[in-house]
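> what's the 3D shape of this:
(chains A and B)
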Amino acid sequence: MVSVSRLRRHPRQTTTFRQSPPTTHSRRTIHARPAVNPGIVTDGAQIAGETGDGVVALTDVEKRYQRTADITVEALRGVSLSLPEGSYTAVMGPSGSGKSTLLNLVGGLDTPTAGSVAIAGTELSGLSEPERARVRGEEIGFIFQTFNLMPRLTAAENVAFPLVFRGVDRTERMERARELLADVGLADRTDHRPNELSGGQRQRVAIARALAGDPALVLADEPTGNVDTETGDRVMSVLDGVNDAGNTILLVTHERRIAEHADRIVHLRDGRIQEIETVDGVNDTGDTDDTDDTGAV
Amino acid sequence: MEFGETLRLSGRAIRAHKLRSALTVLGILIGIAAVVTFVTFGASLQADVVGQISETSANNVYLVAAEDDEGFAGAGRPVFTEEDVSTFAGVEGVERVVPRGILSVSAISYGDDTVARTQATATTPAAFASTTFVAGEPFELGRDEVVLNRLAAQSFESNATVGDTVTLTLGGGRTRNLTVAGVVDGSAGELPFEAFGSQTRVYVPTDPLYNTVVESPSAGVPQRVYPQVTVVADPAETGAVRDRVEGTFPDTDAAQLVPDGFELVAQTSGDFADQVEEIVSQLTRFVTGIAVIALVVGAVGIANIMLVSVTERTREIGIMKAVGARNREVMGLFLTEAVLLGVIGAALGVPVGVLGGWAATQYAEISLTLAPGWFAIAVVVGVVVGAVAGLYPAWRAARVDPIEALRYE
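Have a look, this model is predicted:
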């Protein structure tokens, strides 16, 4: 139970997680997650019924891109989805299925053509650009496939970077950044530049950065896409720990193996939710069996 | 986002490309330095010239007949009669009146040495009232005497001294032997603009040597007539005396003798100083205007490099936006960077410009006068140039679509 209790999310506080040193991470693998039961398929009505009070609520979201005067691409055609607080959801689908569009909408980088996207109770579609930027900064933590760290900032400065735009003073920012880096096992890398870090380390810096603002939702876009399998497993175990601490995660991936880290998998196809699959056996017992001897990382 | 952090990030971006930033700064540096150099040189020149004028004789009022336009253009027509000289002497606040005429000569000889000359100045002993004599004293009217300045005395093979006799060859080949009464320093008692540089001067008494005469319209008898008269005024009311002297003009002989298209002009040293100042500052403005072109080129350099920078850092802009930066914060960041380049250029340009100005004054052999107001202006210009040059690139940065930017490789 160690990791779960220590990684609890305390909204709007800067001293969230503490955990044991990242010494035994190699023993924690994705096998911590139980096997998947792909049995449950929900239809549209059920999906609609799910929307409501979650951290993220998408209602009948449509997104069309006008490519040319004649060609309109319908990226999303009526998607409704709700992510309850503390949930771990994976989105899968072939390319062109609307995964990226969904991610951009939930992340407040884009606005829907129709329907509503609400993050932590804030409706995004009516917001101005600066207001959406604020939502991104305060409610969303992004993790990208290509890490997207600021090249000239150190690891700690990168982690602290989102807090710059929230007016947190430097001392406090850096302290929080060092704590978070320690949580992801990079306590000894705080002053390294991204180009001095390995891919896995960079992604862990990115995860720490995503958590810096204590967001309502962590958005991970193919977080293991640019690292090898073993490093990917390490990254995913960090993410698992983040979820165990109470953070809501939306993960986009095309790898089933990765998606199975989530509680449920949303299958997208042609801009519609084809199926929502619950990954079976998600329970604390299953987790702790394998992780009682280690921290989340 | 606090300003300190904006500065830190901008500074880091500038340092990340040292050579590129240095070259951009160099562009502004050259522009600002060029402006400061010319402004400094202009200020020095002005201070020097004006200083010379006011030094000579702040309480002198110069009277000439000049062409209508302005200043002393065309001065040289002999219009002021002896009658007028006494009129001016009677004006309140006038200490003395010094008439000056030009005596045409072809040569001056001392011993076996003959030196060619075109003219001598015919005047009265009053001309030397405030002049330092190296030797001797002023000549007396009615005697065959001469006063030389030091340069003139030294222009002969052996120096002429007080008591020696020099021979003046007048127009028409007539010669006249004159005794040297005194030797003066510099080129005293001349018009302000003639005081520049060191020239040889030969002064002779109006009586008996100056023979330009005209029948005085008021007195009805022939009188000497002078092209220029200097009224030495009470220093406390030079301006008022000038106005009073001007007031007597309609009743003078000069008013009747003055040719069409000419008019009588009374000017103080201060008036001269103002005119010269005006000319020098116009010149300075013109040359500085040319230097500003260099500054514009520098600004284009900043704009160019900032546009490159925005393109290069598209992904960084995307990251900033993803982690909560608003458009105006992104814009502020890039604008700060551009302004920083401008300010650094200006800060370095000012000392370089002062150095350039100093070198120019050394070359022109005048003393250095700084124009500190321009230093502040230079820094402000650096800020403005940076801001203007950075505005469009920063706006482009703010408009970057984060979705595209984050995909940008």
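> Could you check how many residues crowd around the residue of chain A found nearest chain B?
Here chain A gets closest to chain B at one residue, A:G137, 1.7 Å apart by CB to the nearest CB. Where C-beta positions appear, they are placed from N, C-alpha and C, glycine not excepted. For A:G137, the count of nearby residues is 25 (other CB atoms under 10 Å in any protein chain shown).
> That one and A:A210, how far apart?
A:G137 sits at a distance of 12 Å from A:A210 (criterion: CB to CB, to the nearest Å).
> Need the residues that contact stretch A:64-73.
Residues outside stretch A:64-73 that contact it (CB atoms under 8 Å, 6 or more residues apart in numbering or on different chains) are A:74-75, A:113.
> go with 10 Å
A:63, A:74-77, A:96, A:98, A:101, A:110, A:112-114, A:271 (CB atoms under 10 Å, 6 or more residues apart in numbering or on different chains).
> ditto for stretch B:47-54
By CB under 10 Å, 6+ apart, stretch B:47-54 touches B:192-193, B:195-196, B:268-277, B:279-280, B:361, B:364-371.
> Tell me the secondary structure of residue 95, please.
Because you didn't say which chain, this covers chain A. Put simply, A:S95 is coil when judged by DSSP: H, G, I helix; E, B strand; the rest coil.
> Next one, pLDDT for it please.
What the model reports for A:S95 is a pLDDT of 84.
> what two of the contacts of stretch A:64-73 are the furthest from one another?
A:G96 and A:A114 (20.0 Å; CB to CB).
> how about the residues of chain B that lie near chain A?
Residues of chain B lying close to chain A (CB under 10 Å from any CB of the partner chain) are B:1-2, B:4-6, B:8-9, B:12-13, B:15-16, B:313, B:315-316, B:318-330, B:398, B:401-409.
> contacting residues around B:T179?
By CB under 10 Å, 6+ apart, the neighbours of B:T179 are B:136, B:139, B:143-146, B:162-166.
> Same check on B:E145?
By CB under 10 Å, 6+ apart, the neighbours of B:E145 are B:125, B:136-139, B:178-182, B:203-205, B:209.
> Closest one of these to B:D251?
Nearest to B:D251 among those, with distances taken as CB to CB, is B:P125, at 27.1 Å.
> if you skip the residues just before and after it, what's nearest to the closest one?
Beyond its immediate neighbours in the sequence, the residue positioned closest to B:P125 (CB to CB, 6 or more residues apart in numbering or on different chains) is B:P138, lying 4.0 Å away.
> try A:L124
Nearest to A:L124 is A:V117, by CB to CB, 6+ apart, at 4.6 Å.
> Now name the helix or strand holding residue 138.
Because you didn't say which chain, this covers chain A. helix A:129-139 (DSSP states H and E).
> was after chain B, sorry
Per DSSP H and E, there is no helix or strand for B:P138.
> and it, what pLDDT?
Per the predicted model, pLDDT is 87 at B:P138.
> To what extent is it buried, counted in neighbours?
Here the number of neighbours of B:P138 (other CB under 10 Å) works out to 21.
> Pull the contacting residues for it.
B:123-129, B:131, B:145, B:147, B:181-182, B:184, B:203, B:205.
> How is whatever residue of the stretch 251-400 of chain B ends up closest to chain A assigned, secondary-structure-wise?
Nearest residue of the stretch 251-400 of chain B to chain A: B:G324, at 1.7 Å (CB to the nearest CB). Using three-state DSSP, the structure places B:G324 in coil.
> now do B:P78
Note that with three-state DSSP, the state of B:P78 is coil.
> any chance you could read off phi and psi for A:E123?
With angles defined as degrees, to the nearest 10, A:E123 sits at phi -80, psi 120.
> burial of the nearest residue to it once chain neighbours are set aside, as a residue count?
The spatially closest residue to A:E123, leaving aside those adjacent along the chain, is A:S116, at 5.9 Å (CB to CB, 6+ apart). The tally of other residues near A:S116 (other CB under 10 Å) stands at 16.
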